[in-house]
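Enquirer: Let me see the structure of the following:
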Amino acid sequence: MKFRAGLIALAFAGGAWAQTQGISKNEIVIGTIQDLSGPVVSYSKPVVNGMRMRVDEINAEGGIHGRKLKLAVEDSGYDPKKAVLAQQKLIERDKAFAMLGTLGTPVVAGTMPLVLERKMPHLFPLTGAAFTYEPVQKYKFQIFAPYTDTVRAATRYMIKAKGLKKVGVLYQDDDFGLEVFRGAEAGAKDMGQALCEKTTYKRAATDFSSQIARLKDAGCDFVVLGTIVRETIGAMATARKLGWNVEFLGSSAAYDNNIPKFGAKAVEGFYGISVQAEIPDYATANKRLKAWMDDYKKRYNEDPTLFATAGYTIIDVFARAAQRAGPNLTSDTLDAALEGLTVPRDFFGAPEYSFSKSNHLGNKRGKIAQIQNGKWVTLTDYLAD
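Expert: Numbers count the residues shown, from 1 in each chain. The predicted structure follows:
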């Protein structure tokens with residue numbers, strides 16, 4: 001009887017492999033959509049590097065319940081239309097089991113519905129958009145704190161710490177920018193203020209002269225930027241040329257080493273928000289982080305960025321949940337495993353991530369950092385909501 005029961009169990013397991021896309025006896029296929037040819041390639045390249053690094057480590061350790069991870073990567077060019085085609089390839093051609101770490105609010109907005117309608121897990125996209133975890137829905141989870149909440153808390157902090165009176169906002173004219181705008185507006189309102197001025201720009205814009213002039217003429221003494229790397233540098237360089245030296249704050253999308261690297265003096269004093277970890281700094285890193293940074297540089301011949309740590313963490317949290325789900329890995333067993341998962345703070349300095357049936361957002365707080373002498377310096381721990 002025991003032998004027969006074992007055969008039945010094996011038959012069931014074999015059926016589960018056949019029925020669950022991307023899961024076989026020896027392999028788990030996971031997919032990601034990144035910008036490998038567009039305006040935020042400087043984010044996506046290290047993300048993919050970090051993801052592959054953790055995939056290789058897991059596979060070298062024997063995989064997850066004996067299954068090796070296979071990472072399939074597609075390029076969006078940060079274009080939602082191109083991203084939809086990439087998503088269809090990952091579903092139909094690569095037969096991905098789950099989507100991990102897709103980058104960019106407009107890209108995620110266009111592709112996440114395709115994933116969820118197939119009852120595939122959509123996990124930890126690189127955006128702070130609230131729709132990635134709200135409303136609570138099976139198969140969608142997030143670890144990156146939302147733009148609206150973190151910008152709201154940071155705006156309150158800046159107003160109080162600096163005694164600022166007139167808040168303006170410059171933001172990208174899309175879902176990402178709108179999230180930042182809402183956070184700034186809510187933070188100002190919390191402090192009894194209305195926005196001084198608001199203005200937008202089109203994605204990939206290079207001229208910000210009219211927007212900066214508008215904010216300056218309105219008398220703003222503090223500007224929240226819903227910008228990424230090039231746009232942050234462009235907007236601040238324009239302000240500095242005009243001799244306008246007010247305080248500027250960016251979202252977590254602007255907390256990146258390329259801003260002080262390429263922005264130089266124009267971005268000195270710029271404030272940003274860290275939601276996942278601090279940008280790796282070898283001089284102050286702990287022993288475990290130094291070893292990781294050495295390994296990364298040996299693999300890729302470049303220093304790791306914050307987005308490399310994000311890619312690494314995305315795979316790590318997925319692997320923890322998949323391990324917890326057990327040998328019979330399906331969308332449903334992974335969903336159940338995630339809803340009881342807590343991930344402690346790691347050697348990167350990331351926050352604790354915790355999920356439940358009623359909460360699919362692992363963290364909702366951010367830290368304040370500032371560019372000082374060409375380097376990001378962390379000023380606070382994770383701020384209260």
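Enquirer: OK, contacts around Ala322?
Expert: Residues near Ala322 by CB atoms under 8 Å, 6 or more residues apart in numbering: 28, 64-65, 329, 334, 337. To be clear about C-beta, it is placed using only N, CA and C from the backbone, and glycine gets the same treatment.
Enquirer: is it fair to say it lies in a helix?
Expert: Yes - when DSSP: H, G, I helix; E, B strand; the rest coil is applied, Ala322 is found to be in a helix.
Enquirer: Look up how far Gly63 lies from it.
Expert: According to CB to CB, to the nearest Å, Ala322 and Gly63 sit 10 Å apart.
Enquirer: Common neighbours of the two, please.
Expert: What both Ala322 and Gly63 touch, as defined by CB under 8 Å, 6+ apart, is the set Ile28.
Enquirer: Would you mind listing which of the contacts of Ala322 are buried?
Expert: Listed as buried from the contacts of Ala322 are 28, 64, 329, 334, 337; burial here means 16 or more other CB atoms under 10 Å.
Enquirer: Output those in a markdown table, with pLDDT, distance to Gly183 and secondary structure appended to each entry.
Expert: Formatted as a markdown table, the buried ones among the contacts of Ala322 follow (pLDDT from 0 to 100; distance: CB to CB, whole Å; DSSP: H, G, I helix; E, B strand; the rest coil):
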| residue | pLDDT | distance to Gly183 | secondary structure |
| --- | --- | --- | --- |
| Ile28 | 98 | 36 | strand |
| Ile64 | 98 | 37 | strand |
| Leu329 | 98 | 37 | coil |
| Leu334 | 98 | 31 | helix |
| Ala337 | 98 | 31 | helix |
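Enquirer: As a markdown table, the residues you listed with distance to Asn363 would be great.
Expert: Formatted as a markdown table, the buried ones among the contacts of Ala322 follow (distance: CB to CB, whole Å):
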| residue | distance to Asn363 |
| --- | --- |
| Ile28 | 25 |
| Ile64 | 23 |
| Leu329 | 25 |
| Leu334 | 19 |
| Ala337 | 18 |
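Enquirer: Okay, now the unreliable bits of the stretch 201-350 of the chain?
Expert: Applying pLDDT under 70 to the stretch 201-350 of the chain picks out no residues at all.
Enquirer: which residues in it form helices?
Expert: For the stretch 201-350 of the chain, the helices defined by DSSP state H, counting those that start in this stretch occupy 209-217, 229-241, 258-263, 287-300, 306-325, 331-338.
Enquirer: Looks to me like Met112 is in a strand.
Expert: No - the assignment for Met112 (three-state DSSP) gives helix, which keeps it out of a strand.
Enquirer: That one and Ile23: what is the separation?
Expert: For Met112, the distance to Ile23 - CB to CB - is 21 Å.
Enquirer: What of Ala325?
Expert: 11 Å.
Enquirer: Of the contacts of Ala322, which is the nearest to Tyr282?
Expert: Distance to Tyr282, by CB to CB, is smallest for Ile64 among the contacts of Ala322, at 31.1 Å.
Enquirer: In contact with the closest one, which residues are there?
Expert: Ile64 sits next to 28, 58, 319, 322-323, 329 when contact means CB under 8 Å, 6+ apart.
Enquirer: Next, give me the two most distant ones among those residues.
Expert: Taking CB to CB, the two most distant members of the contacts of Ile64 are Ile58 and Leu329; they sit 13.8 Å apart.
Enquirer: What about Arg240, how many residues nearby?
Expert: 16 (other CB atoms under 10 Å).
Enquirer: so who does the nearest residue to it once chain neighbours are set aside touch?
Expert: Once flanking residues are discounted, Arg240 sits nearest to Ala266: 4.9 Å by CB to CB, 6 or more residues apart in numbering. Contact partners of Ala266, counting by CB under 8 Å, 6+ apart, are 233, 236-237, 240.
Enquirer: give me that answer again for 6 Å
Expert: Contact partners of Ala266, counting by CB atoms under 6 Å, 6 or more residues apart in numbering, are 236-237, 240.
Enquirer: Equivalent analysis for Leu338, please.
Expert: 141, 321, 355.
Enquirer: just Arg299 next, same as before
Expert: Arg299 neighbours (CB under 6 Å, 6+ apart): none.
Enquirer: Please apply the same query to Phe307.
Expert: By CB under 6 Å, 6+ apart, the contact set of Phe307 is 43, 46-47.
Enquirer: Quickly note the distance from it to Asp295.
Expert: In terms of CB to CB, Phe307 sits 17 Å off from Asp295.
Enquirer: Can you give me the domain assignment for the protein?
Expert: Following automatic domain parsing, one gets these domains for the chain: 2-145+285-354, 147-274+368-378.
Enquirer: For the ones you listed, give me CSV that also has distance to His360.
Expert: Shown next, in CSV, are these (distance: least, CB to CB, whole Å):
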stretch, distance to His360
domain 2-145+285-354, 5
domain 147-274+368-378, 15
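Enquirer: Can you tell me which of the ones you listed is nearest to Gly362?
Expert: Closest among the domains of the chain, using CB to CB: domain 2-145+285-354, at 3.3 Å.
Enquirer: Tell me the gap between that closest one and the middle of its chain.
Expert: Relative to the centre of its chain, domain 2-145+285-354 is centred 12 Å away, using CA atoms, centre = their mean, to the nearest Å.
Enquirer: Nearest to Leu71 among the buried ones among the contacts of Ala322?
Expert: When the buried ones among the contacts of Ala322 are ranked by distance to Leu71 (CB to CB), Ile28 comes first, at 9.8 Å.
Enquirer: so how far is Arg365 from that closest one?
Expert: 31 Å.
Enquirer: quick one, what contacts the most centrally placed residue in the chain?
Expert: Of all residues in the chain, the one closest to the mean position by CA atoms, centre = their mean is Leu126, 2.7 Å from it. Going by CB under 6 Å, 6+ apart, Leu126 touches 101, 103.
Enquirer: Perfect, I'm done here.
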